[in-house]
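K.L.:
Everything below, folded, please.
(chains A and B)
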Number of protein chains: 2
Amino acid sequence: MQEEQKKLSLEPYKGTRDFYPEEMFVQNYIFSKMRAVVQRYGYVEYAASILEETALYHAKSGEEIINEQTYSFTDRGGRDVTIRPEMTPTVARMVARKRKELAFPLRWYSIPNLFRYERPQRGRLREHWQLNVDMFGAEGVEADAEVVAIASDIMKAFGASEKNFEVRINSRVLVNFLLREQLGLSPDDAHKISKLIDRKAKMPDDEFRVQAQAITGERMAELMDFLEAGTLQNFSKQLADHKSSRDLGRVITSLQERGVTNVVFSPALMRGFDYYTGTVFEVFDVSPLNNRSLFGGGRYDDLVGIFGVDKVPGVGFGMGDVTMRDYLETYKLLPKYKSSTHIYLCRLDDEQIPFIEELANYLRQQGINTGIDYSGRKLATQIKTAERQGIPYIICVGEEEARTRVFKLKNLATHEEKNVKLEDLPATMSHNILTPKV
Amino acid sequence: MQEEQKKLSLEPYKGTRDFYPEEMFVQNYIFSKMRAVVQRYGYVEYAASILEETALYHAKSGEEIINEQTYSFTDRGGRDVTIRPEMTPTVARMVARKRKELAFPLRWYSIPNLFRYERPQRGRLREHWQLNVDMFGAEGVEADAEVVAIASDIMKAFGASEKNFEVRINSRVLVNFLLREQLGLSPDDAHKISKLIDRKAKMPDDEFRVQAQAITGERMAELMDFLEAGTLQNFSKQLADHKSSRDLGRVITSLQERGVTNVVFSPALMRGFDYYTGTVFEVFDVSPLNNRSLFGGGRYDDLVGIFGVDKVPGVGFGMGDVTMRDYLETYKLLPKYKSSTHIYLCRLDDEQIPFIEELANYLRQQGINTGIDYSGRKLATQIKTAERQGIPYIICVGEEEARTRVFKLKNLATHEEKNVKLEDLPATMSHNILTPKV
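P.N.:
Below is the predicted model:
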């Protein structure tokens, strides 16, 4: 028994995190900013279980994810289950399940945790949380523009300026039109080339050209013209006149009107998942030291249909906490830890316990989050505890304070002390404390 | 492919729930009340991954849970992992992991989801959420009393009156003293009899007596005296003088001083988990129709020690969402659904889109959560959508509204309409809308 006990690990499971209060504070800060923005746009929260039947992921996710990256197992009743690697299949299932009762268009958001089995590295862990924002039942370019605008607004709500990120945008319809209609590729070749384009940024240019040439043959030049177009204005007339490029142009214009001016047309942007059917976009960190995709999304009009029900158009994005936290750290946009506890009551001796209970009760009724030190340790240690826990105020209660009901209210950050009467404590503090979030 | 698609289930995995916005609203209501109370008492939030290495649960959980009820599997790297069935082992691990950096006493809370493989039934699902409230590093009766008082305060924050529930309390130290010292039972027999007492309420009285007799023999009468004592005052002098019964008396007195007057000494209360070492308590629904345990907790001073580090005393409880939701439904204490979206903008025709975007932008900047109907459907359908989604206000924008900037603000619950100028909208609405929670 002793031997077994010694082996018990103190670490969280590989690729996952413990959220001590300081980390939880950051997590809650990130989530609260996300929530504030999406609720401003009229999105309401939903959620679901982290376990789904495995079959849900076979239909439309990218193959790599299903085969090698899921946490899948068989439950004690013989059901094949998977810990969700993404939220989109779940939300599509939920929409399909109640499609007859729901009033469309839906504006929905959720902040689920997701699991992928992979080697943990910077910005990628086995478990992460991801804001999912989706609009269902709306087809127009306004819906696409709104969703991208929300993504941009969240970045700005975190304090990021348009200099520090970039919205890259493309259209799957446009790419399909180019590959199938213009270049005349077979569905299979079109799929292959789009997967190749998806990897373009991560491979040497020569290698890309050799592989692309093998698929596109004599139409290679047209593909390269598209990929190097830079803006929609450089398109051939045929491409420029197609509905998909006009729609994409309208999304970009609408975004500019909404004040999102860092939008860049990116013909090579594909997004990993196969289920996208229209606009796709990604938000990039443009810092030369850290140039990478932060998150993205797009339109997926066929996903709800895989459940054998009528199609419901959808557009949305997912924004992960690990990547965002790295980004906010890089740009020094994270706030300093502040305990949700406003005041800590210390005492000189045990005789003050009944009075301290009464004082705490009074403060709590006034909306002040109040902790009491019951430890019986010396005063300096009690104060140190409050300080180390990031609690902004303390009061030390001795015989005199209990009698006079006048206290030295000490601000632990500034070390200021102020004599305050019992009944003035709430007002004195409320100028200085955050309103509790609940 | 078609065939496979037809089989795709629309239901959530067995024993788990989909939280559509209406259910999420209830869930968020329950969580926000829990948070408000525990933060008032100075508890700060932490969290951890839902996956832990399986070894964590072998050391101290009840045996039934480990062997038959966990979701355990081997990951792709050969690690044995378990989806957490309870939070206490995790929080004990976290405390042990950073015990040298943490400033004790800690007041911590979390609202994790937990999984148990069992047959779903009323009040018991495979996945539920559970508020966990724990104090670490404090040994006195004040800590025990505070934790029980919080449990009671949460019930009251939900609107439950002391008539509708009861706090049952006992002491493991007291029971151990009785069984080991007074009755002279071996550790093994003491464990057996405590497990038997734990099941007492669920078995015929005769059967309990036969089984208890077999273990306690001639000391059976003393056991029954204890179990039928009713109050601590009825104890034999030896039992009454023992520190454990004096401590328990002090916890009960302290609770009464804190305004918790529905506390009942319950000698048969054991709690399932083996890790409790002192005070144990349970909150019961006392309605004759629904008499049952709602939730509970207690003191566990040895749990952190299983990691091979110094002991850290702990006391806390877990309060599940499924049981609480049932309880609140029974007593009609759940609020009516209200969307987090405050207003929905409808339009007569597409020409108003630019003006609507501008209006929405203005309202959002004023802190009003604003949705737009982009569907292009007829006005009655747009209004119906807002109504069915529980959005309290609508504005319909036509050519005249865009020109005059005066709107008919319609309250969808009361059907009142009021002409309001653009600049007066936020003030007119802010008297009627909830302040956003973020």
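
K.L.:
Poorly predicted segments of the stretch 51-200 of chain A, please.
P.N.:
A:59-67 (pLDDT under 70).

K.L.:
So which bits of it are right by chain B?
P.N.:
A:51-53, A:55-56, A:58-59, A:68, A:71, A:73, A:75-77, A:79, A:81, A:83, A:93-94, A:96-98, A:103-105, A:107-108, A:113, A:115, A:117, A:127, A:137-138, A:140, A:142-143, A:146 (CB under 8 Å from any CB of the partner chain). In short, each C-beta sits where N, CA and C put it, glycine included.

K.L.:
let's see 6 Å
P.N.:
Residues of the stretch 51-200 of chain A lying close to chain B (CB under 6 Å from any CB of the partner chain) are A:51-53, A:73, A:76, A:93-94, A:96-97, A:103, A:105, A:107, A:117, A:127, A:138, A:140, A:142-143.

K.L.:
And for the stretch 301-438 of chain A?
P.N.:
So the stretch 301-438 of chain A meets chain B at A:306-308, A:339-341, A:364, A:369-371, A:374, A:385, A:388-389, A:436, A:438 (CB under 6 Å from any CB).

K.L.:
Selection in ChimeraX covering whichever of those residues are buried, please.
P.N.:
Here is the ChimeraX command that picks out the buried ones among these, judged by 16 or more other CB atoms under 10 Å in any protein chain shown:
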select /A:306,307,339,340,341,364,369,370,371,374,385,389,438
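
K.L.:
Tell me which of the residues of the stretch 301-438 of chain A next to chain B fall in strands.
P.N.:
Among those, DSSP state E puts A:370-371 in strands.

K.L.:
what's the lowest-pLDDT member of the residues of the stretch 301-438 of chain A next to chain B?
P.N.:
Among these, A:Val438 has the lowest pLDDT, at 31.

K.L.:
Closest residue of the stretch 301-438 of chain A to chain B?
P.N.:
A:Gly371 (2.6 Å; CB to the nearest CB).

K.L.:
rewinding a little: list buried residues within the residues of the stretch 51-200 of chain A next to chain B.
P.N.:
Among those, the ones that count as buried (16+ other CB under 10 Å) are A:51-53, A:73, A:93-94, A:96-97, A:105, A:107, A:117, A:127, A:138, A:140, A:142-143.

K.L.:
Strands - which of the residues you listed land there?
P.N.:
Going by DSSP E, the strands hold A:51-53, A:73, A:107, A:127 from those.

K.L.:
Farthest pair within the residues you listed?
P.N.:
Taking CB to CB, the two most distant members of these are A:Phe73 and A:Arg107; they sit 34.5 Å apart.

K.L.:
tell me the contacts of A:Val175?
P.N.:
With contacts defined as CB atoms under 6 Å, 6 or more residues apart in numbering or on different chains, A:Val175 has no neighbours.

K.L.:
host element of it?
P.N.:
helix A:172-176 (DSSP states H and E).

K.L.:
Output the helix or strand following that helix as CSV - backbone C-alpha positions only.
P.N.:
Downstream of helix A:172-176, the first helix or strand assigned by DSSP H and E is helix A:187-199. Output in CSV follows, covering the C-alpha atoms of helix A:187-199 (Å, rounded to 0.1, in the frame of the first residue of the first chain):
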residue,chain,number,x,y,z
PRO,A,187,-14.1,15.6,-57.9
ASP,A,188,-11.3,13.4,-56.7
ASP,A,189,-8.5,15.6,-58.2
ALA,A,190,-10.3,18.7,-56.9
HIS,A,191,-10.3,17.3,-53.4
LYS,A,192,-6.7,16.3,-53.7
ILE,A,193,-5.6,19.7,-54.9
SER,A,194,-7.6,21.5,-52.2
LYS,A,195,-5.8,19.4,-49.5
LEU,A,196,-2.5,20.2,-51.2
ILE,A,197,-3.3,24.0,-51.2
ASP,A,198,-4.2,23.6,-47.5
ARG,A,199,-0.6,22.5,-46.8
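
K.L.:
elements contacting helix A:187-199?
P.N.:
helix A:205-216 (3 or more CB pairs under 6 Å, 6 or more residues apart in numbering or on different chains; DSSP states H and E).
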